[in-house]
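> prediction below, plus the sequence it came from.
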Amino acid sequence: MAETRPGARAEALAAWALSLPALILLWAMLLGPAVAVLLLSFTGWSLGEAEMEWIGAGNYAQLAADPVFWTSLRNTLIYVGVCVPATVGLGLAAALLVESVGRGRGFYRAAYFLPVASTLLAMALVWEFMFHPTVGFVNQAFGALGLPVTDWLNNPDVALLALAVIGVWQNLGLAMVLFVAGLQGIPRDLYEALAMDGADGPWERFRRVTWPMLGPALVFVVSIIAIRSFQVFDTVAVLTEGGPSKSTEVLLYTMVQEGFTFLRSAYGAAITVVFLVFTLAITMAQTILLDRRAHYG
Amino acid sequence: MAVASVDLIGIGKRFGATEVLQDVTLRAADGEFLAILGASGCGKSTLLRILAGLEGADRGQVRLGGEEVGHLRPKARDLAMVFQSYALYPYMTVRQNITLPLQMRRLSALQRLPLLGRLAPGGRALRAGITADVDAVAGPLQLSALMERRPAQLSGGQRQRVALGRAMVRQPAAFLMDEPLSNLDAKLRVEARAEIVAMQRRLSATILYVTHDQVEAMTMADRVAVMQAGRVLQVAPPQHLYDEPASIDVARFVGSPPMNIIPALLDETGMVELAGHVLPWHAQGRAGARVMAGIRPESLVPRPGGLPATLKRVERLGAEAVLHCALPGVEDTVLARVETAIANGLSPGGTIPLMPRRVLLFQEAGLRMECRPHPAATPAMEGALG
Ligand SMILES: Nc1ncnc2c1ncn2[C@@H]1O[C@H](COP(=O)(O)OP(=O)(O)OP(=O)(O)O)[C@@H](O)[C@H]1O
Ligand SMILES: [Mg+2]
């Protein structure tokens, strides 16, 4: 290394010393567990066993050959694929509506946010009732409108969709609140400039200013809703238990079954790794997009 | 519409309990550069926004080219606005920013649709025309090399030129500019001033130009409207405003360093008595009336027989210096602007005689009073009156 400035070494030492606590915590709390799971997934360990045996990619080979895993992965992707566009679209619409009302904004915001803040486990009761084949609100309403009715949570064709509806309901408020924050960050004078430039209709306002200015918020909302949708678990556990006939089997539910019910911890760890890979991919996509495209500086 | 005159007649506006504009009447003839000068918060932006249609007036009329437009929406008024923040669309390139106003006006809703619009009939020729017009505007503003950049990749001066370009490209009936140079540094500001004035000459455009910088108003405008607390105090060409302010507020606001305002009395013959000295200036008024004498710093010249001033401080500006002085019985510091050579011979603490060459008189309430040099001036003073 070239001749360094006197004191540079001490400065570097001080820098390390100062960042050490944060680094230790970062590894201990965030990165450490992920690494532990990764290592565990290469063993044959089951909960309670005294020995740990390194079996390499054995768990992954088993996963690849397990039809339940593939069903689970497929269901999860479908669930995410339904939830993300629906939540983001409805969340944006709700945000635009809430921002356009003069009075009672606070009320609407709180109302939409309620499902986010409340425990889904408790709310699942309400949804179970809503989807009840005979007295449930959904079938009552569908019946009154002459639409087909079914036992939503016990029909393998629509059970996953019914869970997705609950998922959208739960995350809608979060998407809305984030979009509202994004909307409030749009300078008013852009709309005024637009009006001077000759565009003052709602569609032109949305297309020329609102939508492009929401770019960063949109990337953030999509990724956070995607991650939250990937994490779908409690509704499955309480309402369908993965059924009927595996039609609502999702990644985290499979993982919990394998890891905690059947005590095959290492196998569960492998599923967790798959789950983490998806989460990581979403996060990285978000970071890259936010850095590159959505930034207007 | 071609270049048009702008009339604001009896405009009133309140926000809640505060009366922001009170009976504002202004006229800019077509092709005139009218500056609206006033301190922060006096309602300049509100006035411009009412003219643009971005804000509704509570009272009064807005006319463009003689026609009432108060009921029209902003886009129907054919005005262009340059915002203080520029309000450029950050996600669009310079070209897109300047193109948008033409797209909105020349293309049909169908032709403007993303992707599909390209296929709509008749669009191609219109688009070519728009591109040509945009390039024609970009050239003189030296934006041609920057067309594909985003606003974030531009300097303040370049952004300001883009904002101007976006306003100019449509050839509107009039330009409204809200402190367009306030974000620029001093040097750029001087250049940008010249650019705007050149643009105005070239297009013989009507411009309403809001600023709180008197130098801008004085150097650029054909006429200046001075506003204070929601009222127009005076509208006049810059030099007239400087020489003949209609009130003490205008006199205070225009000129830098500011005019000296010194309490004075009228003696029994109507002569102005200031700091215990009778000046050879005469006004109609009752004996003993309290008045305010306004003396520009450059009309106070060191000369024997003048008012006995004590020098407190010398502020050097290069070619000139400002003398900060105290007059007996006068509370405020009195400023005199002299050549540096004269200041060099002076030291703080010393006494210099300062002779007023021109005195403006104001009533205590602030309105201007007539005041003339008196023929019976002493010889020394007559010399000063030159
Ligand atoms: N939307 C509004 N609601 C309430 N008060 C307002 C609103 N807009 C402006 N005002 C008030 O009206 C007054 C005039 O505002 P305006 O923006 O016209 O001032 P200005 O002369 O442009 O000042 P500046 O030089 O700082 O831009 C201010 O006192 C301001 O607080
Ligand atoms: Mg303003």
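Cool, got the structure. Numbers count the residues shown, from 1 in each chain, chains lettered A, B, ... in the order given. Ligands and ions are numbered 1, 2, ... in the order given.

> now what about stretch A:173-182, what contacts it?
The contact list for stretch A:173-182 (CB atoms under 8 Å, 6 or more residues apart in numbering or on different chains) reads A:87-88, A:90-92, A:94-96, A:98-99, A:109, A:112-117, A:213-214, A:216-218, A:220-221, A:224-225, A:228. Where C-beta positions appear, they are placed from N, C-alpha and C, glycine not excepted.

> ok, the closest residue to chain A within the stretch 151-300 of chain B to residue B:145 distance?
Chain A sits closest to residue B:152 of the stretch 151-300 of chain B, with a gap of 3.7 Å, by CB to the nearest CB. Distance of residue B:152 to residue B:145, given as CB to CB, to the nearest Å: 17 Å.

> distance of residue B:160 relative to residue B:182?
With distances taken as CB to CB, residue B:160 is found 10 Å from residue B:182.

> list the contacts of the residue of the stretch 251-386 of chain B found nearest ligand 1.
Nearest to ligand 1, among the residues of the stretch 251-386 of chain B, is residue B:253, at 13.0 Å (CB to the nearest ligand atom). By CB under 8 Å, 6+ apart, residue B:253 lies in contact with B:37-39, B:214, B:226, B:228.

> give the buried residues for the helix or strand where residue B:353 lies.
Using DSSP states H and E, residue B:353 sits in strand B:351-356. For strand B:351-356, a neighbour-count test (16 or more other CB atoms under 10 Å in any protein chain shown) marks B:352, B:354-356 as buried.

> ramachandran coordinates for residue 72?
No chain was given, so I picked chain A. Note on residue A:72: backbone dihedrals following degrees, to the nearest 10 are phi -60, psi -50.

> wait, isn't it in contact with residue A:252?
No. Applying CB atoms under 8 Å as the test, residue A:72 and residue A:252 come out as separate, 9.0 Å apart.

> where along the stretch 101-250 of chain A do the helices fall?
Here the stretch 101-250 of chain A has its helices, by DSSP state H, counting those that start in this stretch, at A:105-117, A:120-130, A:137-144, A:159-184, A:188-197, A:202-205, A:211-213, A:215-230, A:234-235.

> spell out which parts of the stretch 151-300 of chain B neighbour ligand 1.
The stretch 151-300 of chain B has residues residue B:212 near ligand 1, with proximity defined as CB under 6 Å from any ligand atom.

> hey, where'd the strands end up in the stretch 151-300 of chain B?
Along the stretch 151-300 of chain B, counting by DSSP state E, counting those that start in this stretch, strands occupy B:174-178, B:207-211, B:223-228, B:231-236, B:260-266, B:271-274, B:277-282, B:290-295, B:300-316.

> before we move on, the earlier item: more crowded one of residue A:72 and residue A:252?
Using other CB atoms under 10 Å in any protein chain shown as the criterion, residue A:72 and residue A:252 rank with residue A:72 on top: 25 against 19.

> how near is the more buried one to residue A:262?
14 Å.

> same deal with residue B:129?
Distance of residue B:129 to residue A:262, given as CB to CB: 72 Å.

> residue B:152 and residue B:145: who's more crowded?
Neighbour comparison, residue B:152 and residue B:145: the larger count goes to residue B:152, with 12 against 9 (by other CB under 10 Å).

> wait, that one sits on residue B:90?
Yes. With contact defined as CB under 8 Å, residue B:152 reaches residue B:90; the gap is 6.2 Å.

> which phi and psi values does the closest residue to ligand 1 within the stretch 201-350 of chain B adopt?
Closest contact between the stretch 201-350 of chain B and ligand 1, by CB to the nearest ligand atom, is at residue B:212 (4.9 Å). Taking degrees, to the nearest 10, you get phi -110, psi 10 for the backbone angles of residue B:212.

> just the one 10 residues further on next, same as before
Main-chain torsions, residue B:222, degrees, to the nearest 10: phi -70, psi -40.

> the contacts of residue B:253: which two are farthest apart?
Farthest pair in the contacts of residue B:253 (CB to CB) is B:214 and B:228. Separation: 12.9 Å.

> who has more neighbours out of these two?
residue B:214 (21 against 18).

> thought residue B:257 was touching that one, still the case?
No. Using CB under 8 Å, residue B:214 is not in contact with residue B:257, being 11.7 Å away.

> OK, contacts around the closest residue to residue A:101 other than its chain neighbours?
Once flanking residues are discounted, residue A:101 sits nearest to residue A:108: 6.8 Å by CB to CB, 6 or more residues apart in numbering or on different chains. Contacts for residue A:108 (CB under 8 Å, 6+ apart) come out as A:97-98, A:101.

> pick the one among the residues you listed closest to ligand 1.
Taking CB to the nearest ligand atom as the measure, ligand 1 sits nearest to residue A:101 out of the contacts of residue A:108, at 18.5 Å.

> so how far is residue A:205 from the closest residue to ligand 1 within the stretch 51-200 of chain A?
Closest to ligand 1 within the stretch 51-200 of chain A is residue A:188: 9.8 Å, counting by CB to the nearest ligand atom. Distance from residue A:188 to residue A:205, counting by CB to CB: 12 Å.
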